[in-house]
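*Asks:* Okay, predicted coordinates and the sequence, questions at the end:
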Amino acid sequence: MCGISGQLNFERDNHADESLVRTMNNCLGHRGPDDEGYFFDHNIGLGHKRLAIIDLHTGQQPILTGDKKAVIVFNGEIYNFPEIKKELQDKGYTFYTMTDTETVLNAFLEWGPQCFDRFNGEWAMAIWLADKQELILSRDRYGIKPLYYIHSGKNILFSSEIKSFKAVKTLEPDMQEVWDQLVFGPKAGGKTIWKGVNELEHGTYLSVIEGQVKQYRWYNLAGSFRQEGSYDRLYLEDLLTNSIQQRLMSDVPVGTLNSGGIDSSLISAIAKENIEGDLLSFSIAPEKTEGRELPGDESAYAEVLAKHIESRHTTIRYSQELFLNDLPDAISYNDNILYHPNAIPLSYLFKEIKEKHHVTVLLGGEGADEVFRGYSYNKLAILYQRYGIVVKKIITSRFAKLQAVQPLVCSLSFPMQMAIARNSHLSPALATQLTGFKGRLSDDRYTLITEAESLKGLDKLIFYEQKCYMAGLLQRIDRMSLRHGIEARVPFLDHRIVEYVNGIKPSLKSGLTNESLKKILKKIAVKQLPPQIIKRKKYGFAAPIVAYANEIDRMILQYQPGLNTKTDIHQRYILLNYFLLHQ
């Protein structure tokens with residue numbers, strides 16, 4: 001993966017500011033420590049920071065066509081590019097590199113935006129077409145790779161990370177968006193918590209021509225939900241195997257993240273069968289306290305799996321001091337609230353892997369829970385579907401988050417209310433107290449909710465989780481891995497898998513018992529994993545913030561001495577994030 005940035009001034013005689021583009025690009029050095037490149041021509045300036053993964057010697061960017069009329073900077077991987085390249089060669093295109101980026105550029109010249117639908121992978125890209133004076137910005141189907149932009153009316157700036165903009169202009173918080181995200185959590189694209197900064201939505205592209213900025217949707221996630229009554233397990237198993245095989249493609253060392261859960265264990269097991277030599281696998285766990293394991297320590301299961309598949313496994317441990325000391329820097333790298341406390345140990349894991357084990361590419365299990373239905377909220381939604389209003393009252397009374405957001409979304413279906421509660425972090429009242437701003441549902445959020453409500457039954461919840469909750473997870477894995485120059489790949493988010501599983505009726509994917517959560521995936525895993533991994537109780541990747549609560553409270557009171565911290569520990573962690581982000 002890499003970092004991209006650029007500036008397009010709408011008047012051709014208003015030359016791009018080379019110093020500004022270079023400053024923006026230099027803020028992305030952690031994303032691409034191996035090389036950098038620039039393209040400047042009149043009103044356009046493009047920057048690229050490279051993390052070299054494929055075609056180490058001739059893959060420098062920007063890449064230009066022979067006539068220099070089209071230029072690309074690209075962040076991501078297209079795993080099926082050899083097949084697309086062959087098709088383009090048959091049409092007469094010539095290539096001077098072995099990289100996927102050159103294939104992407106020629107594919108766009110041949111098929112236009114329709115080429116995006118041909119790509120299997122993840123990306124954020126910028127393509128400049130000199131003859132048309134048009135800039136194209138595109139993002140992958142699920143938002144695996146980030147892309148942000150500022151449209152000022154006279155020009156457009158874009159970058160892989162918001163910190164590039166902070167280096168060249170003053171950004172102010174957008175309190176409406178801050179309030180929305182404190183209450184409702186991450187979302188897929190649109191306005192960010194910084195005024196004037198937009199995130200390009202997943203599965204869309206932006207066309208900028210003659211000062212006109214238009215966004216087009218090229219991928220429709222809602223269209224993948226079909227509720228078919230059966231599925232082919234062997235076909236799905238082949239898809240997963242092929243996805244992992246493709247994501248092992250690399251000219252640098254590859255390893256796996258192995259938490260000991262079913263998702264990462266299955267990836268590790270299949271990767272071991274498809275890699276030459278030893279498989280390096282890694283896990284992270286908190287240091288033991290007086291010989292006791294703290295919450296978040298899954299190392300025993302990870303080591304069971306490592307022994308079973310015979311991988312060379314390393315468990316890396318972190319302390320409370322490391323966790324708390326790294327929080328400010330981690331938030332700075334993230335450009336946003338770190339909704340998941342496990343981002344801190346994850347970052348440390350990547351740091352140790354890169355510095356001590358010299359691995360640059362890692363495969364992880366992100367997306368499996370959102371696609372195959374691994375969360376306990378599914379049980380509650382199924383109960384409501386079966387037993388109706390009585391169960392709704394019981395569930396609402398037991399879940400404070402659902403009660404907190406319900407007045408704002410009381411007209412919505414119960415699966416939609418469940419989805420919103422799942423993504424919620426603070427009550428509206430606490431968010432208002434914290435920010436001094438009484439907010440509302442953002443326009444972007446309302447659009448996503450409306451689209452979700454157009455689906456049937458539990459697909460509403462699944463769609464919203466894949467759009468919003470998963471957005472936070474993908475931002476976490478992107479920022480924390482590339483903070484240390486590591487490319488994290490996510491085989492479960494191969495679009496062929498997501499679309500196939502989304503089309504299956506929800507009741508076939510998950511049930512009311514622990515054993516029936518992600519039951520499709522568990523059926524695939526039977527041949528690969530030991531029973532204690534498959535049958536273990538669902539245990540999300542966690543950090544032991546309960547054990548760190550006193551120190552978290554002390555840090556909060558440094559910023560706002562009179563604040564009442566008598567809320568649950570996750571809410572207090574979010575409060576601390578807010579203070580650190582806006583200090």
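*Replies:* Done, it's in.

*Asks:* what residue ranges in this protein are flagged as low confidence?
*Replies:* 1, 376, 398, 540, 564-565 (pLDDT under 70).

*Asks:* any idea which residue sits dead centre in it?
*Replies:* Leu474 (1.3 Å; CA atoms, centre = their mean).

*Asks:* Please, which helix or strand holds Gly76?
*Replies:* Here Gly76 sits within strand 70-78, counting by DSSP states H and E.

*Asks:* Report the distance from that strand to the chain centre.
*Replies:* 19 Å (CA atoms, centre = their mean, to the nearest Å).

*Asks:* Past that strand, which element shows up next along the chain?
*Replies:* Per DSSP H and E, the helix or strand that comes after strand 70-78 is helix 81-90.

*Asks:* Neighbours of Lys272, how many?
*Replies:* Residues lying near Lys272 (other CB atoms under 10 Å) number 18. Yep, even glycine has a C-beta here, placed from its N, CA and C like the rest.

*Asks:* Tell me if I am right that it is in a helix.
*Replies:* Yes - Lys272 sits within a helix when classified using DSSP: H, G, I helix; E, B strand; the rest coil.

*Asks:* list the contacts for it?
*Replies:* By CB atoms under 8 Å, 6 or more residues apart in numbering, the contact set of Lys272 is Leu279, Ile309, Glu310, Ser311.

*Asks:* Start from the N-terminal end of the stretch 151-300 of the chain and give the strands.
*Replies:* For the stretch 151-300 of the chain, the strands defined by DSSP state E, counting those that start in this stretch cover 155-159, 190-191, 197-199, 204-209, 212-217, 254-257, 280-286.

*Asks:* Adding distance to Arg12, write the ones you listed out as TSV.
*Replies:* Below are these laid out as TSV (distance: least, CB to CB, whole Å):
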stretch	distance to Arg12
strand 155-159	12
strand 190-191	29
strand 197-199	24
strand 204-209	12
strand 212-217	15
strand 254-257	44
strand 280-286	50
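
*Asks:* Tell me which of the ones you listed sits nearest to Ile136.
*Replies:* Closest to Ile136 of the strands of the stretch 151-300 of the chain, according to CB to CB: strand 204-209, at 6.0 Å.

*Asks:* Each with direction, which strands does that closest one pair with?
*Replies:* strand 134-139 (antiparallel), strand 212-217 (antiparallel) (DSSP bridges).

*Asks:* Pipe the ones you listed into CSV and attach mean neighbour count and distance to Lys191 per row.
*Replies:* Formatted as CSV, the strands paired with strand 204-209 follow (neighbours: other CB atoms under 10 Å; distance: least, CB to CB, whole Å):
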stretch, mean neighbour count, distance to Lys191
strand 134-139, 23, 16
strand 212-217, 12, 13
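
*Asks:* helix, strand or coil for the closest residue in space to Phe95 that isn't next to it in sequence?
*Replies:* With sequence-adjacent residues excluded and distances taken as CB to CB, 6 or more residues apart in numbering, Phe95 is closest to Glu102, at 5.6 Å. Secondary structure, three-state DSSP: Glu102 is helix.

*Asks:* so Glu102 sits right up against Leu64, yeah?
*Replies:* No - Glu102 lies out of contact with Leu64 (CB atoms under 8 Å); the separation is 9.5 Å.

*Asks:* how much space between the residue nearest to Phe95 and Thr65?
*Replies:* 9 Å (CB to CB, to the nearest Å).

*Asks:* Looking at the two, which one has more neighbours?
*Replies:* Glu102 (26 against 16).

*Asks:* distance of that one from Trp218?
*Replies:* Using CB to CB, Glu102 is found at 21 Å from Trp218.

*Asks:* How far off centre is stretch 567-580?
*Replies:* 22 Å.

*Asks:* Equivalent analysis for stretch 177-185, please.
*Replies:* 18 Å.

*Asks:* same thing with stretch 524-537?
*Replies:* 26 Å.

*Asks:* List the contacts of it.
*Replies:* The contact list for stretch 524-537 (CB under 8 Å, 6+ apart) reads 233, 236-237, 240, 260-262, 265-266, 269-270, 301, 304-305, 308, 514-515, 522.

*Asks:* List the buried residues for it?
*Replies:* By 16 or more other CB atoms under 10 Å, the buried positions in stretch 524-537 come out as Ile524, Ala525, Gln528, Leu529, Pro530, Ile533, Ile534, Arg536.

*Asks:* Same check on stretch 566-583?
*Replies:* Neighbour counts using 16+ other CB under 10 Å place 569-581 of stretch 566-583 among the buried residues.

*Asks:* who's in contact with Asn9?
*Replies:* Each residue near Asn9 by CB under 8 Å, 6+ apart is listed here: His15, Ala16, Asn43, Ile44, Lys154, Asn155.

*Asks:* again, but for Thr58
*Replies:* Tyr96, Thr97, Met98, Thr99.

*Asks:* Which residue ranges of the stretch 401-550 of the chain form helices?
*Replies:* Applying DSSP state H, counting those that start in this stretch to the stretch 401-550 of the chain gives helices spanning 414-423, 428-435, 443-453, 459-464, 470-482, 495-502, 506-509, 519-525, 531-534, 549-559.

*Asks:* Run through the residues that contact the closest residue to Gln176 other than its chain neighbours.
*Replies:* Distances taken as CB to CB, 6+ apart place Gly439 nearest to Gln176, at 5.3 Å, with adjacent residues excluded. Contacts for Gly439 were tallied using CB under 8 Å, 6+ apart; they are Met175, Gln176, Val178, Trp179, Asp180, Val183, Pro428, Ala431, Thr432.

*Asks:* ditto for Ala368
*Replies:* Ile262, Asp263, Gly374, Phe492, Lys518, Leu521.

*Asks:* In this structure the last one contacts Phe372, no?
*Replies:* Which is Leu521. Yes - Leu521 is within contact range of Phe372, at 4.6 Å (criterion: CB under 8 Å).

*Asks:* ok so, going back, select only the buried ones of the contacts of Thr58 in PyMOL?
*Replies:* Buried members of the contacts of Thr58, defined by 16+ other CB under 10 Å, are picked up in PyMOL with:
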select buried, resi 97+98+99
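
*Asks:* Now flag whichever of the contacts of Thr58 is closest to Met125.
*Replies:* Checking these one by one against Met125 (CB to CB), the nearest turns out to be Thr99, at 12.9 Å.

*Asks:* how far away is the closest one from Glu122?
*Replies:* 15 Å.

*Asks:* Could you do Leu493 as well?
*Replies:* Leu493 is 7 Å from Glu122, where distance means CB to CB.

*Asks:* Need the residues touching each of these two.
*Replies:* Common neighbours of Leu493 and Glu122 (CB under 8 Å, 6+ apart) are Tyr142, Ile144.

*Asks:* First-to-last residue distance for stretch 493-513?
*Replies:* 25 Å (CA to CA, to the nearest Å).

*Asks:* Could you do stretch 50-64 as well?
*Replies:* Stretch 50-64: ends 16 Å apart by CA to CA.

*Asks:* Tell me which residues of it come out buried.
*Replies:* Neighbour-count burial for stretch 50-64 [16+ other CB under 10 Å]: Arg50, Leu51, Ala52, Ile53, Ile54, Gly59, Gln60, Gln61, Pro62, Ile63, Leu64.

*Asks:* Turn those into JSON lines, including distance to Phe81.
*Replies:* Shown next, in JSON lines, are those (distance: CB to CB, whole Å):
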{"residue": "Arg50", "distance to Phe81": "17"}
{"residue": "Leu51", "distance to Phe81": "17"}
{"residue": "Ala52", "distance to Phe81": "16"}
{"residue": "Ile53", "distance to Phe81": "12"}
{"residue": "Ile54", "distance to Phe81": "9"}
{"residue": "Gly59", "distance to Phe81": "12"}
{"residue": "Gln60", "distance to Phe81": "17"}
{"residue": "Gln61", "distance to Phe81": "15"}
{"residue": "Pro62", "distance to Phe81": "18"}
{"residue": "Ile63", "distance to Phe81": "13"}
{"residue": "Leu64", "distance to Phe81": "18"}
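
*Asks:* Kind regards, and thank you for your time.
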